[in-house]
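In: Model the following, please.
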Amino acid sequence: MTAALWNRLDVWARRLIPAGLSVVFVLVTVVPFALPGYAAIVPMLVLASVFFWAIHHPGLLPPAAVFAIGLVQDILTGALVGSGAVVLLLVYGVIVSQRIFFRNKSFLVVWWGFMVVALGAGALNWLFASAFAGQLILPRAAAFQVLVTVAIYPLLTWILHGVHRLLPQEA
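Out: All right, here's what the predicted structure looks like:
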């Protein structure tokens with residue numbers, strides 16, 4: 001194979017990293033751990049990924065990919081199919097529209113923005129879960145899930161920035 005073909009394959013593979021990593025985050029969230037109540041409080045890793053890529057490289061994680069990732073997550077978690085996809089698409093749309101604001105801001109400003117987004121996403125997930133169950137579910141687990149997600153966001157951002165450096169810059 002020629003060097004040009006290898007180069008194109010390399011760029012193509014790197015362009016798939018944001019979506020692929022988001023799918024890995026979905027799989028990590030559905031892995032069962034021997035912790036009581038873990039399923040109810042597992043962090044929203046995919047939310048953090050969508051938030052990050054919507055700011056830094058929205059072209060590498062298009063809305064169709066966000067929707068597909070949300071559907072996969074809904075199916076694997078047993079949630080109301082489409083609810084997670086809608087939440088992720090709403091987050092994606094809001095953050096892409098505010099991308100200029102978040103670009104080149106301090107980490108604390110971006111983290112604050114993520115806190116607001118995580119709270120809204122957690123509330124929507126809670127509403128969808130309550131509607132799916134046919135009754136109001138206690139919001140305690142959803143609130144704790146939001147807190148855990150916000151708490152691990154700095155670690156996730158550090159990982160995602162490391163991955164971001166691997167991506168083609170012309171995308």
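In: Give the rounded mean pLDDT of stretch 13-26.
Out: For stretch 13-26, mean pLDDT is 89.
In: Summarise which helices and strands the longest helix anywhere in the chain is packed against.
Out: Counting residues, the longest helix found in the chain (DSSP state H) is helix 107-133. Contact here means 3 or more CB pairs under 8 Å, 6 or more residues apart in numbering; DSSP states H and E; on that basis helix 107-133 packs against helix 45-56, helix 83-97, helix 99-102, helix 140-164. C-beta coordinates here come from the backbone N, C-alpha and C atoms, glycine included.
In: can you state the direction angle for that helix and helix 83-97?
Out: 150 degrees (axes from the mean of the first three to the mean of the last three CA atoms, to 10 degrees).
In: tilt between helix 107-133 and helix 140-164?
Out: Going by the same axes, to 10 degrees, helix 107-133 makes 130 degrees with helix 140-164.
In: Give the buried residues for helix 107-133.
Out: For helix 107-133, a neighbour-count test (16 or more other CB atoms under 10 Å) marks 110, 113-114, 117-119, 121-122, 124-129 as buried.
In: Nearest to Val46 among these?
Out: Ala121 (10.0 Å; CB to CB).
In: which ones are touching the closest one?
Out: Contacts of Ala121 were listed using CB atoms under 8 Å, 6 or more residues apart in numbering, and they are Met44, Leu47, Val87, Leu90, Val91, Val146.
In: Now render the buried residues of helix 107-133 as TSV, adding distance to Phe67 and pLDDT.
Out: Shown next, in TSV, are the buried residues of helix 107-133 (distance: CB to CB, whole Å; pLDDT from 0 to 100):
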residue	distance to Phe67	pLDDT
Val110	24	97
Gly113	22	97
Phe114	21	98
Val117	18	98
Ala118	20	98
Leu119	22	98
Ala121	15	97
Gly122	20	96
Leu124	15	96
Asn125	16	94
Trp126	21	94
Leu127	19	95
Phe128	15	93
Ala129	19	90
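In: can you pull the pLDDT of Asn33?
Out: If you look again at residue 33, you'll see it is Phe, not Asn. 77.
In: swap that for Ala4, please
Out: Reported pLDDT for Ala4: 77.
In: sec struct for it, please.
Out: Three-state call for Ala4 (DSSP: H, G, I helix; E, B strand; the rest coil): helix.
In: measure it to Ala13 for me?
Out: 15 Å (CB to CB, to the nearest Å).
In: of the two, who's got more company?
Out: Per other CB atoms under 10 Å, whichever of Ala4 and Ala13 has more neighbours is Ala13, with 11 against 8.
In: residues contacting Ala64?
Out: Ala64 neighbours (CB under 8 Å, 6+ apart): none.
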